[in-house]
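**Student:** quick one: sequence plus predicted model below, questions after.
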Amino acid sequence: MTVSAMLAKAIILLFAVLVVLGCRSGSPIPSGGSQDPSDSDKTAAVVVLMQTSMGPIKIQLCPDKASGTVANFLTYVDQGFYDGTIFHRVISDFMIQGGGFTPDMQERTAHPPIPNEARDDLKNLRGTVAMARTPAIDSASSQFFINVKDNAFLDHADETSRGFGYCVFGKVVEGMDVVDRISSVATTRIGTKDDVPIEPVIIESVRRAE
């Protein structure tokens, strides 16, 4: 075998080893398909358990796809910020929103807003968890919502305020039946807020799961 042939063979073997090591390390491999949070490599996944007054909800986060958003959410989790808050906006066949108000509808003081990481391959499908925001693109802070059905109109479409979308950063992996029950509770108007559950649905705690 010539020296050049041996060198070529060595380069091919080295490339193969690097590819295998890259896959084992959990490095993301680009693909043309959509990326759903449930497809996250297990090494990148973070799971939290949300205990509510209507039952537990287990959520898998995807830091490999929305790193800043997940870090922001976990800051609130680790500080116990969500404990004792409520799902203050509930719309049947749409979504349930929480993470900002106490049972007496007092808004908690949140950290400064974060950049919006919405992108067109993270879809607001049934069971996904996304950040709530005002019409301003980069205005999300502590509040989040869980999609009760596929809500394509909330997905990233363009760079405008309306079209930028809402950043999906996780997905319910257990307890979707609890989400469905919450979405069907009776609601009313309190002050300037519509769709407030008549009987408060309390987020008792949110903790990182073992």
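**Tutor:** Yep, it's here.

**Student:** got the contact list for Thr128?
**Tutor:** 37, 146-147, 168, 170-172 (Cβ atoms under 8 Å, 6 or more residues apart in numbering). Heads up, the C-betas are built off the backbone N, CA and C, glycines and all.

**Student:** what do you get for Arg162?
**Tutor:** Taking Cβ under 8 Å, 6+ apart as the contact definition, Arg162 lies against Pro135.

**Student:** quick one, phi psi at it?
**Tutor:** phi -80, psi -40 (degrees, to the nearest 10).

**Student:** with secondary structure added, can I get the contacts of Thr128 in JSON lines?
**Tutor:** JSON lines is the format used below for these (DSSP: H, G, I helix; E, B strand; the rest coil):
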{"residue": "Pro37", "secondary structure": "helix"}
{"residue": "Ile146", "secondary structure": "strand"}
{"residue": "Asn147", "secondary structure": "strand"}
{"residue": "Val168", "secondary structure": "strand"}
{"residue": "Gly170", "secondary structure": "strand"}
{"residue": "Lys171", "secondary structure": "strand"}
{"residue": "Val172", "secondary structure": "strand"}
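
**Student:** from those, which shows the smallest pLDDT?
**Tutor:** Lowest pLDDT within the contacts of Thr128 is found at Pro37 (45).

**Student:** one step back: include distance to Gln97 when you put the contacts of Thr128 into JSON lines, please.
**Tutor:** Converted to JSON lines, those look like this (distance: Cβ to Cβ, whole Å):
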{"residue": "Pro37", "distance to Gln97": "18"}
{"residue": "Ile146", "distance to Gln97": "8"}
{"residue": "Asn147", "distance to Gln97": "10"}
{"residue": "Val168", "distance to Gln97": "14"}
{"residue": "Gly170", "distance to Gln97": "15"}
{"residue": "Lys171", "distance to Gln97": "16"}
{"residue": "Val172", "distance to Gln97": "14"}
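
**Student:** what is the nearest of these to Asp104?
**Tutor:** Ile146 (22.8 Å; Cβ to Cβ).
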